[in-house]
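[1] this one's structure only:
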Ligand SMILES: Nc1ccn([C@@H]2O[C@H](COP(=O)(O)OP(=O)(O)OP(=O)(O)O)[C@@H](O)[C@H]2O)c(=O)n1
Ligand SMILES: C[C@](O)(CO)[C@H](O)COP(=O)(O)O
């Protein structure tokens, strides 16, 4: 198997797209455009090395990579796309790479099919690029008809045998740029294989492209609602942990971990939305490893699984059912802690409390119950 690298160029200004920030960081479906592109690339192909080429003032790349649990080389780009690609290619010189795929951060809808077409082409060709036919009539600005039969629109990723494309970029005068990477390859005499492009793999260039991409993401995703429920008995001790907050009330909750019923219910709600079992499957009470464990670990595990599936948490709602302790004095702190753990704005985190009118185990003050609902947007 050839050792394969991906260079993602994300060092542009995004001027044609408008807005206050470079387009690669504009939010689509709650995540930066760059996140979606990297997520889809990870899903579509098993690259050995990732290299992301960024602007010198980029402060956000590390959090995007952390969110995706992706280890990538981070390289600074140049004034033109060509210069950015060259910097990426040179950064791979010691990575023992056979093949390299060069992709625009601005094309989030890259697919497995498109990438496997390129991989197949590289078996017999040093360079390959996906193309599409033109369906509109073509005219020059003076109105003369242009024959569209021999013309194609070229997309990225464009894929190459690494040493050959590196030589081609090294041979190009440093102050010159080209529209794409196959143009550089052609100048060096490399044969190009054209593969099947994909209409969905369009480049977000103008403001209206963001509305179109948002709509495509809506139809490519579904909303999952998960619910969770947990009960713990009171016992002697102090403090009591609830929704990630320590309450100094002179009694505590009995359990194998810290017995935080609020976070347990929330963890189960998230796992429910992912249809990924329950907290007991992943953290069995029989395992001494979890004795006294802080329950934020369990919640962070479920959040990580959600991120791996490309999920985006929309909202959580926790209800605590107890006569004691009084929840109201701690409620805002609980919301803040959950918001922090889930990286949600406070307006998307609800914590409520109720009694059971002295009925049942909660009414008798023997313990408390918690239930939670989590709403998650997931790719189809
Ligand atoms: N100096 C540059 C210019 C562009 N790009 C990247 O090349 C891709 C395709 O370029 P384009 O759509 O033209 O992006 P921008 O240059 O950012 O857009 P604009 O020309 O509107 O400013 C983008 O992912 C962009 O970030 C880059 O890495 N370095
Ligand atoms: C590389 C490219 O996406 C291939 O279609 C395109 O040439 C980039 O052009 P831009 O003017 O930098 O957007």
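    Thanks, I have it. On a predicted model such as this, the values are computed, not experimentally measured, just so you know. Ligands and ions are numbered 1, 2, ... in the order given.
[2] Quick check: residues of the stretch 101-250 of the chain near ligand 2?
    104, 154, 155, 156, 179, 180, 203, 205 (C-beta under 6 Å from any ligand atom). Quick note: C-beta positions are derived from backbone N, CA and C, even for glycine.
[3] quick one: which of those residues has the most company?
    Within those, most neighbours by other C-beta atoms under 10 Å means residue 156, with 25 neighbours.
[4] residues in contact with that residue?
    Neighbouring residues of residue 156 by C-beta atoms under 8 Å, 6 or more residues apart in numbering: 102, 103, 104, 107, 129, 130, 180, 181, 203.
[5] Wait, a helix at it?
    No. Counting by DSSP: H, G, I helix; E, B strand; the rest coil, residue 156 is not found in a helix; it is coil.
[6] Show the pLDDT at it.
    Listed pLDDT for residue 156 reads 98.
[7] Kindly report the same for residue 262.
    pLDDT at residue 262 comes out at 98.
[8] ditto for the one 4 residues further on
    In the predicted model, residue 266 carries a pLDDT score of 98.
[9] Repeat that for the one 3 residues further on.
    pLDDT for residue 269: 98.
[10] One more: residue 310?
    So residue 310 comes in at 87 (pLDDT).
[11] Please apply the same query to the one 5 residues further on.
    Listed pLDDT for residue 315 reads 97.
[12] cool, residue 274 as well?
    Confidence score, pLDDT, at residue 274: 98.
[13] From ligand 2, how far out is it?
    Residue 274 sits 35 Å away from ligand 2, going by C-beta to the nearest ligand atom, to the nearest Å.
[14] show me the contacts for the one residue in the stretch 101-250 of the chain that gets nearest to ligand 2.
    Using C-beta to the nearest ligand atom, the closest approach of the stretch 101-250 of the chain to ligand 2 is made by residue 180 at 3.8 Å. Listed by C-beta under 8 Å, 6+ apart, the contact set of residue 180 reads 129, 154, 156, 158.
[15] one more time with 7 Å, if that's ok
    154, 158 (C-beta atoms under 7 Å, 6 or more residues apart in numbering).
[16] swap in residue 67?
    35, 307.
[17] now swap in residue 12 and tell me
    Residue 12 touches 22, 81, counting by C-beta under 7 Å, 6+ apart.
[18] can we see that at 10 Å?
    The contact partners of residue 12, by C-beta atoms under 10 Å, 6 or more residues apart in numbering, come to 22, 23, 24, 53, 55, 77, 80, 81, 84, 104, 105, 106.
[19] Throw those residues into TSV and include pLDDT and secondary structure, thanks.
    Output for these, formatted as TSV (pLDDT from 0 to 100; DSSP: H, G, I helix; E, B strand; the rest coil):
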residue	pLDDT	secondary structure
22	97	coil
23	98	helix
24	98	helix
53	98	strand
55	98	coil
77	98	coil
80	98	coil
81	98	helix
84	98	helix
104	98	strand
105	98	coil
106	98	coil
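[20] Using neighbour counts, give me the buried entries of those residues.
    22, 23, 24, 53, 55, 77, 81, 84, 104, 105, 106 (16 or more other C-beta atoms under 10 Å).
[21] so the last one makes contact with residue 32?
    What that stands for is residue 106. No. Taking contact to mean C-beta atoms under 10 Å, the distance of 11.7 Å between residue 106 and residue 32 leaves them out of contact.
[22] Give the intersection of the neighbour lists for the two.
    Contacts common to residue 106 and residue 32, judged by C-beta under 10 Å, 6+ apart, are 10, 22, 23, 24, 26.
[23] ok, and of those residues, which contact ligand 2?
    Answer for these near ligand 2: none qualify (C-beta under 6 Å from any ligand atom).
[24] which SS class is whichever residue of the stretch 1-150 of the chain sits closest to ligand 1?
    Closest to ligand 1 within the stretch 1-150 of the chain is residue 12: 2.0 Å, counting by C-beta to the nearest ligand atom. On the three-state scheme (three-state DSSP), residue 12 is labelled coil.
[25] what about it, distance to residue 229?
    48 Å (C-beta to C-beta, to the nearest Å).
[26] circling back: okay, the residue of the stretch 101-250 of the chain closest to ligand 2: pLDDT?
    For residue 180, the predicted pLDDT is 98.
[27] The one 10 residues further on too?
    Per-residue confidence for residue 190 comes out at a pLDDT of 98.
[28] I'd say it and residue 161 touch.
    Yes. Applying C-beta under 10 Å as the test, residue 190 and residue 161 come out as touching, 8.3 Å apart.
[29] how distant is stretch 266-286 from the center of its chain?
    22 Å (C-alpha atoms, centre = their mean, to the nearest Å).
[30] actually stretch 150-162, sorry about that
    Using C-alpha atoms, centre = their mean, the offset of stretch 150-162 from its chain centre is 26 Å.
[31] Flag every buried residue along it.
    154, 155, 156, 157, 158, 159, 160, 161, 162.
[32] beta partners of the first one?
    So the one you mean is residue 154. residue 131 (DSSP bridges).
[33] check contacts around it.
    129, 130, 131, 132, 179, 180, 181, 182, 183, 192, 194, 197.
[34] Would you mind measuring from it to residue 181?
    Distance from residue 154 to residue 181, by C-beta to C-beta: 10 Å.
[35] what's the overlap in contacts for the two?
    Common neighbours of residue 154 and residue 181 (C-beta under 10 Å, 6+ apart) are residue 129.
[36] My guess is residue 376 contacts residue 276. True?
    No. Contact criterion C-beta under 10 Å: residue 376 and residue 276 do not qualify, at 11.0 Å.
[37] host element of residue 166?
    Taking DSSP states H and E as the definition, residue 166 sits inside helix 162-171.
[38] ok, now residue 339?
    helix 328-342.
[39] do residue 50 as well
    Going by DSSP H and E, residue 50 is part of strand 49-54.
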